[in-house]
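In: Here is my input, please return the structure:
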Amino acid sequence: MRLRGTASALVVVEGTDLHHDLIGAALALQEIVTEAGLPTARAMGLDRFTDPLPATADADVYVLYRSSTVFDPAQQEALSALVAAGKGLVVLHASNLFGYGPGGIAADAAAHRLIGSRYLSHGSHGSEGRFRVRVTAAHQVTRHLDDFAIDDEYYLLEYADGLDVLAVRDTPEGGTEPVLYVREHGAGRVCYCALGHDPRAWGNPGFRQLVRQAALWAAGVGEDAYENLATRWPLGNGRHIGPVPSTEDTPQTPQTTDTPHPTRTGTA
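Out: Next up is the predicted model:
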């Protein structure tokens, strides 16, 4: 029997890749999502989706951080069914390594359909650097979030049609590469973000705000929850969403204005 009256989250990490700190990611992401006001647990491994125990079954949104080329088809189908039934899913960074294990892309078909993209490469400009994330669409996930710079990995990805792209990075060739999009899957919501390689990204205020709002949106929590969130957690540009807390010990800071960004749904 579920006792909580509020939405909750579960951070799930999995993988064998030596290039990603799964334990560090689990700790950082649990902290970030908890900042959004969602009770948040963390867990390791994807078998939990095939026969969900209460900690998995009761969560309203899963925050997935994978780093592996092997994703058992039964786990894929189980996660897809949970999201189709109404769970939210926030997918980060290398969680879409599809088509590189035994069986190729056909073996990862269910997860590929669910998430809507797959990692191709770092491109020809090195694996990481500093770049600017440019918000290109007004959405609950990007509301109040200005463009921001981040130190992270460059990702080139293959995207499905029909995704709602919310943010991009400008490429050295003069084009754009999507880094954030949302989509629906049955009754559930999916948000993918290519960011989040290591502590430099996890500590970035723009990344943290993005993940908080993505978790709230995917969990079905409306924007009316943001006022309480913003009174505790300022944006990286030193501003707050909505009313600024007014106490003798808290200096006043300017408020944000909710100016929508131009809608952009196409891929590069």
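In: pull the helix or strand with minimum mean pLDDT from this structure.
Out: helix 226-230 (a mean of 61; mean pLDDT, DSSP states H and E).
In: where does this protein dip in pLDDT?
Out: 1-5, 226-268 (pLDDT under 70).
In: Identify the single longest strand in it, thanks.
Out: strand 176-185 (DSSP state E).
In: can you map out the helices along the stretch 151-268 of the chain?
Out: Assigned by DSSP state H, counting those that start in this stretch, the stretch 151-268 of the chain shows helices spanning 199-202, 205-218, 226-230.
In: hey, which of these is tucked in deepest?
Out: helix 205-218 (a mean of 25; mean count of other CB atoms under 10 Å). For every residue, glycine as well, the C-beta is placed using N, CA and C.
In: just the CA coordinates of that one, formatted as CSV?
Out: Below are the C-alpha coordinates for helix 205-218, written out as CSV (Å, rounded to 0.1, in the frame of the first residue of the first chain):
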residue,chain,number,x,y,z
PRO,A,205,23.6,25.2,-11.9
GLY,A,206,22.0,25.1,-15.3
PHE,A,207,22.2,21.4,-15.5
ARG,A,208,20.8,21.0,-12.0
GLN,A,209,17.9,23.3,-12.8
LEU,A,210,17.2,21.4,-16.0
VAL,A,211,17.2,18.0,-14.3
ARG,A,212,15.0,19.3,-11.5
GLN,A,213,12.4,20.6,-13.9
ALA,A,214,12.6,17.5,-16.1
ALA,A,215,11.9,15.2,-13.1
LEU,A,216,8.9,17.3,-12.1
TRP,A,217,7.5,17.4,-15.6
ALA,A,218,8.0,13.7,-16.2
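In: What number of residues are in the vicinity of the nearest residue to T50 once chain neighbours are set aside?
Out: Once flanking residues are discounted, T50 sits nearest to A78: 4.4 Å by CB to CB, 6 or more residues apart in numbering. By the criterion of other CB atoms under 10 Å, A78 has 20 neighbours.
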